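Student: I would like to see how this sequence folds:
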Amino acid sequence: MKPAKTDSLEILIIGYGNPHRQDDGLGPYVVNRLKKRLNHIPGVHFLTMHQLTADIVEKLQYFDIIFFIDATVDELRYGFKFSKVKPEFGLSHYLTHYLKPSLLLGLLQSTYHHNPVTVEVAIQGNNFGFRQELTSEAKTRAEKAISEIVKFTMQSLKKGSNRNENPLVFIDLNEPDKIFCKCKIRLNKTLAKLNTGPFSKCNRKWGNKNVS
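Tutor: All right, here's what the predicted structure looks like:
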């Protein structure tokens, strides 16, 4: 899964959860659906896991944007939620069996001094019993989240995708008037109001990269 050395941006989309526990399999489901829509795009990469483990940190150092997609029991306004992940540090955290995206990001920074734009996508689930099929409600929410991820990725790739020339910009989807980028520039309030989903429209084109 290590991308070839290139000046283009690299995106990794990770879906994790247990497909044998019904809606807990939302993460892998979303990644498998995204593969069908984005797998032809250079620079876009995919990974599915039952749970996050520290051994993937070495791979994460090669990516500029990382998505972590998982199910949640929380009731969400749109049925799914995008959050910018901040690193969490502390050796004791890495000794646990369960790692959160924030802990992996902290480990990535402390080990490889790499700080990618990291996004957590939570999708509301209904049932988590021993069954492989997603509930219809969860599948509907997943499809909406997939559309937004594809939209973000494609708009990101329009700019030209050179990691050395373009600031890597990401919208904090829970605060639609704010924009984040790797060079820590905050743009003015140029985003339109939210429409039917957590993504806002922006007149500015984003400088992003490919995934495979």
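
Student: what's the distance between Glu75 and Ile149?
Tutor: 21 Å (C-beta to C-beta, to the nearest Å). C-betas here are computed from N, CA, C, even on glycine.

Student: Looking at those two, which one has more neighbours?
Tutor: Ile149 (25 against 7; other C-beta atoms under 10 Å).

Student: The helix or strand hosting Thr48 pairs with which strands, parallel or anti?
Tutor: Secondary structure from DSSP states H and E places Thr48 in strand 44-49. Strand pairing for strand 44-49, determined by DSSP bridges: strand 10-16 (parallel).

Student: C-terminal to the partner strand, what's the next element?
Tutor: Next along from strand 10-16, by DSSP H and E: helix 26-38.

Student: Return the set of buried residues in that next one.
Tutor: Within helix 26-38, the residues scored as buried using 16 or more other C-beta atoms under 10 Å are 26-31, 33-35, 38.

Student: For it, output the C-alpha coordinates as PDB.
Tutor: What follows is the C-alpha trace of helix 26-38 in PDB, where atoms were taken according to Å, rounded to 0.1, in the frame of the first residue of the first chain:
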ATOM      1  CA  LEU A  26     -20.300   0.400   8.000                       C
ATOM      2  CA  GLY A  27     -16.600   1.400   7.700                       C
ATOM      3  CA  PRO A  28     -15.500  -1.500   5.400                       C
ATOM      4  CA  TYR A  29     -18.800  -1.200   3.500                       C
ATOM      5  CA  VAL A  30     -18.100   2.400   2.700                       C
ATOM      6  CA  VAL A  31     -14.500   1.700   1.600                       C
ATOM      7  CA  ASN A  32     -15.600  -1.100  -0.700                       C
ATOM      8  CA  ARG A  33     -18.200   1.100  -2.300                       C
ATOM      9  CA  LEU A  34     -15.700   3.900  -2.700                       C
ATOM     10  CA  LYS A  35     -13.300   1.500  -4.400                       C
ATOM     11  CA  LYS A  36     -15.800   1.100  -7.200                       C
ATOM     12  CA  ARG A  37     -16.100   4.800  -7.700                       C
ATOM     13  CA  LEU A  38     -12.500   6.000  -7.100                       C
END
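
Student: Okay, angle between that helix and strand 44-49 too, please.
Tutor: Here the directions of helix 26-38 and strand 44-49 differ by 160 degrees (axes from the mean of the first three to the mean of the last three C-alpha atoms, to 10 degrees).

Student: max-length helix in this protein?
Tutor: helix 136-157 (DSSP state H).

Student: For Ala138, see how far away Gly15 is.
Tutor: Taken as C-beta to C-beta, the span from Gly15 to Ala138 is 13 Å.

Student: Those two: who's more crowded?
Tutor: Set Gly15 next to Ala138 and count neighbours by other C-beta under 10 Å: Gly15 wins out with 28 against 25.

Student: For the helix or strand encompassing Thr111, name the packing helices and strands.
Tutor: Using DSSP H and E, Thr111 maps to helix 101-112. Packing contacts for helix 101-112, counted by 3 or more C-beta pairs under 8 Å, 6 or more residues apart in numbering; DSSP states H and E, involve helix 57-60, strand 117-124.
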